[in-house]
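Chemist: Got a sequence here, can you build the structure:
(chains A and B)
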Amino acid sequence: MSESKPALADWTTGAEAIVYQSCTACGSSQYFRRSFCCICGAPDPVEKRASGEGTVYATSLVVRAATPETRAHVPYNIVLVDASEGFRMMAHGDSDLAIGEKVTSRFAQFAGRLVPYFSRRK
Amino acid sequence: MSFITGVGLTAYGRHEGSSSLDLMNKAAELAMADAGLTRAEIDGILCGYSTVAPHIMLATVFAEHFGVRPAYAHAVQVGGATGLAMTMLAHHLVEAGVVRHVLVVSGENRLTGQSRDASILALAQVGHPDYEVPLGPTIPAYYGLVASRYMHEYGVTETDLAEFAVLMRKHALTHPGAQFHEPITVGDVMASKPVALPLKLLDCCPVSDGGAAFVVSRERTGETGVRVRGCAQAHTHQHVTAAPALSDLGAEIAIARAKAASGVAISDVRYAAVYDSFTITLAMLLEDLGLAGRGEAAARVRSGYFGREGAIPLNTHGGLLSYGHCGVGGAMAHLVETHLQMTGRAGNRQVRDASIALLHGDGGVLSSHVSMFLERV
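Modeler: Numbering: from 1, shown residues only, chains lettered A, B, ... in the order given. Sure, this is the predicted structure:
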């Protein structure tokens, strides 16, 4: 991040938001924060708050977890969602989500943290 | 040119009381004896890593311990692709004249040296620390995600995936060093405990102790030469969230480059050694490499195509799924077995013809790929 533009708070820092970056030079969207666009290299991509709308790309229901904190939540569904803004993200979701379904995000507590959680769009 | 002049492999499973260095040592001794070389003749060392005993200079730790003063040495870290990446580097090092004999070695007491939870947790860190790891994924979950998508796009079923576990177990039954010796059926795989759906326990490789090593040399040291004909890599992403579409994954890129580098076609291949951390990994890689049509690998398993007597015998030692997986050494066992097959020393597992072999390794979540062709000369 350039120092002149503080990062928007998002779920990775405990705020109820999904944030992505948009390149002013080439228009690409990226999810993992960087101080540059990973497609064209242009500096200072603009941070935007995502709508939370998307489509399920993949799912895996975790039944065997590796820590006591996460084991308390099994089974939990890990999903990859293609956000309507053009980036892909990992999140939790309803256990019966199918690939291709339209979903909307909310936030849930998981192992002492806030995580994005997707449900079928109503 | 470069030759694999010697190979060494321990049994995989439990090695109570053995450290990672002990297992590296044991495998290295075997490989050097097989190559007919002494410590003084080894001038290069490449080693992997140990999650049980991490060190910033493992190659020199090993060299000192083993009693070698190499002219070239360092560790290599590309996850499951490390073994073949080291072989590729050794190939280029001896071809470039940097060294004459590179000892490639890895070993880890991953099973008895730490808890299974600790292993799963350590490996889950290949995920993104901010955007993935807080969600509690495991390595099976990363591959479970890929599996769900692959099954969705190509109509592969869980029963299809189970075939690969059954085949690897069938092969392991004929190898005394394999971790598992009980036959399994498709029904057993389907009924095994869910881990990260669609993957179940028997879709997943075990955690093992073990060590593997080989020597890569500028000249052959024995009568039968096993030559590195050509190899290539591809790295498309690290985190599954950033993975490209299934049609753009690295295996297809690496194999295309390896074919160009070697002049070998898939139709020339007589033996295959393909990374099989999970059943889905093997299914996808076989299809990405062109050893089966899209969505058709399981049918080829059912028809015996990849069996010991089949057209292209695959992982005849049992692979990661049933020989075992001790980290970097895991996929190195594939190369050791390939060498034994190519030199006619595989005993009751010997295949008719292993004159040209295709090896493929995958690290991360289909992130890093190495394809390699070996040829008997």
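Chemist: Just the residues contacting the helix or strand of chain B with the lowest mean pLDDT, thanks.
Modeler: Least confident helix or strand, chain B: helix B:116-124 with a mean of 78, by mean pLDDT, DSSP states H and E. Residues from elsewhere that reach helix B:116-124 (Cβ atoms under 8 Å, 6 or more residues apart in numbering or on different chains): A:A66, A:T67, B:T51, B:R110, B:L111, B:Q114, B:V133, B:P137, B:T138, B:I139, B:V207. C-beta: built from backbone N, CA, C; applies to glycine.
Chemist: Correct me if wrong: the first one contacts B:I139.
Modeler: In this case it means A:A66. No. Applying Cβ atoms under 8 Å, one finds A:A66 not in contact with B:I139, separated by 9.2 Å.
Chemist: Who has more neighbours out of the two?
Modeler: It is B:I139, of A:A66 and B:I139, that has more neighbours when counted by other Cβ atoms under 10 Å in any protein chain shown, with 27 against 24.
Chemist: what residues are up against B:F278?
Modeler: B:F278 sits in contact with B:P140, B:Y143, B:A147, B:L199, B:D203, B:C204, B:C205, B:L321, where contact means Cβ under 8 Å, 6+ apart.
Chemist: Tell me what it is bridged to.
Modeler: B:C204 (DSSP bridges).
Chemist: pLDDT score for it?
Modeler: Looking at B:F278, its pLDDT reads 98.
Chemist: How about A:E3?
Modeler: 46.
Chemist: cool, and B:T51?
Modeler: pLDDT at B:T51 comes out at 92.
Chemist: Please, which helix or strand holds B:H325?
Modeler: Following DSSP states H and E, one finds B:H325 outside all helices and strands.
Chemist: what sits against the residue positioned nearest the centre of chain A?
Modeler: Centroid-nearest residue in chain A, with Cα atoms, centre = their mean: A:M89, separated by 4.0 Å. For A:M89, the contact set (Cβ under 8 Å, 6+ apart) comprises A:I18, A:Y31, A:G54, A:L80, A:V81, A:A83, A:P116, B:Y131, B:T241.
Chemist: Ok, B:V94 next?
Modeler: B:V94 neighbours (Cβ under 8 Å, 6+ apart): B:S2, B:G44, B:R100, B:H101, B:V102, B:V216, B:S217, B:R218.
Chemist: Just flag the most distant two among those residues.
Modeler: Within the contacts of B:V94, B:S2 and B:G44 form the most distant pair, 11.5 Å apart (Cβ to Cβ).
Chemist: what's the overlap in contacts for those two?
Modeler: B:A90, B:V94.
Chemist: Can you pull the phi and psi angles for the residue of the stretch 201-350 of chain B found nearest chain A?
Modeler: Nearest residue of the stretch 201-350 of chain B to chain A: B:T241, at 4.9 Å (Cβ to the nearest Cβ). In terms of degrees, to the nearest 10, the main-chain angles of B:T241 are phi -60, psi -30.
Chemist: B:D353: how many residues sit nearby?
Modeler: Look at B:D353: counted by other Cβ under 10 Å, it has 11 neighbours.
Chemist: now it, what's its secondary structure?
Modeler: Under DSSP: H, G, I helix; E, B strand; the rest coil, the three-state class of B:D353 is coil.
Chemist: dump the residue contacts of it.
Modeler: B:D353 is in contact with B:R270, B:Y271, counting by Cβ under 8 Å, 6+ apart.
Chemist: Can you point out the buried residues in stretch A:62-79?
Modeler: Within stretch A:62-79, the residues scored as buried using 16 or more other Cβ atoms under 10 Å in any protein chain shown are A:V62, A:V63, A:R64, A:A65, A:A66, A:T70, A:Y76, A:N77, A:I78, A:V79.
Chemist: actually stretch B:331-349, not the one I wrote
Modeler: Going by 16+ other Cβ under 10 Å, stretch B:331-349 has these buried residues: B:331-343, B:346, B:349.
Chemist: same deal with stretch A:26-38?
Modeler: So for stretch A:26-38, counting by 16+ other Cβ under 10 Å, buried means A:S28, A:S29, A:Q30, A:Y31, A:F32, A:R33, A:F36, A:C37.
Chemist: Distance-wise, check the nearest residue to the first one once chain neighbours are set aside relative to chain B.
Modeler: Nearest non-adjacent residue to A:S28, counting by Cβ to Cβ, 6 or more residues apart in numbering or on different chains: A:I39, 4.2 Å away. Applying Cβ to the nearest Cβ, to the nearest Å, the value for A:I39 to chain B is 12 Å.
Chemist: How is A:I39 assigned, secondary-structure-wise?
Modeler: Per three-state DSSP, A:I39 ends up coil.
Chemist: Roughly how far does it sit from B:E252?
Modeler: Plainly put, A:I39 is 21 Å away from B:E252 if you go by Cβ to Cβ, to the nearest Å.
Chemist: which of those two has more neighbours?
Modeler: Legend: neighbour count by other Cβ under 10 Å for A:I39 and B:E252, higher for B:E252 (20 against 14).
Chemist: per-residue confidence averaged over stretch B:29-44?
Modeler: Mean pLDDT, stretch B:29-44: 97.
Chemist: Going by neighbour count, list what's buried in that stretch.
Modeler: Under the neighbour-count criterion of 16+ other Cβ under 10 Å, stretch B:29-44 has B:L30, B:A31, B:M32, B:D34, B:A35, B:L37, B:E41, B:I42, B:D43, B:G44 buried.
Chemist: now swap in stretch B:11-28 and tell me
Modeler: By 16+ other Cβ under 10 Å, the buried positions in stretch B:11-28 come out as B:11-13, B:15, B:18-28.
Chemist: Pull out the CA atoms of that stretch and give them to me as CSV.
Modeler: What follows is stretch B:11-28, C-alpha atoms only, in CSV (Å, rounded to 0.1, in the frame of the first residue of the first chain):
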residue,chain,number,x,y,z
ALA,B,11,10.7,-48.5,3.4
TYR,B,12,8.0,-45.9,4.1
GLY,B,13,5.8,-46.0,7.2
ARG,B,14,7.1,-45.9,10.7
HIS,B,15,10.8,-45.5,11.5
GLU,B,16,10.6,-45.0,15.3
GLY,B,17,13.6,-43.1,16.6
SER,B,18,15.0,-42.1,13.2
SER,B,19,15.6,-38.4,12.6
SER,B,20,15.3,-36.7,9.2
LEU,B,21,19.1,-36.8,8.9
ASP,B,22,19.1,-40.5,9.7
LEU,B,23,16.7,-41.2,6.9
MET,B,24,18.6,-39.0,4.5
ASN,B,25,21.7,-40.8,5.5
LYS,B,26,20.3,-44.3,4.9
ALA,B,27,18.9,-43.4,1.5
ALA,B,28,22.1,-41.7,0.5
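Chemist: what about it, distance to the chain center?
Modeler: 17 Å (Cα atoms, centre = their mean, to the nearest Å).
Chemist: same thing with stretch B:161-177?
Modeler: 15 Å.
Chemist: Please identify, among the contacts of A:M89, the one with the most neighbours.
Modeler: For the contacts of A:M89, neighbours tallied by other Cβ under 10 Å; top is A:V81, 29 neighbours.
Chemist: Bridged to that residue, which residues?
Modeler: Applying DSSP bridges to A:V81 gives these bridge partners: A:V56, A:M89.
Chemist: what separates B:A232 from B:A254, distance-wise?
Modeler: Where B:A254 is concerned, B:A232 sits at a distance of 5 Å (Cβ to Cβ).
Chemist: Looking at the two now, which is surrounded by more residues?
Modeler: Taking other Cβ under 10 Å, B:A232 and B:A254 do not tie; B:A254 has more neighbours (28 against 20).
Chemist: Look at that one and tell me its secondary structure.
Modeler: helix.
Chemist: Quick check: it touching B:S367?
Modeler: No. When contacts are counted by Cβ under 8 Å, B:A254 is not listed as touching B:S367 (11.6 Å).
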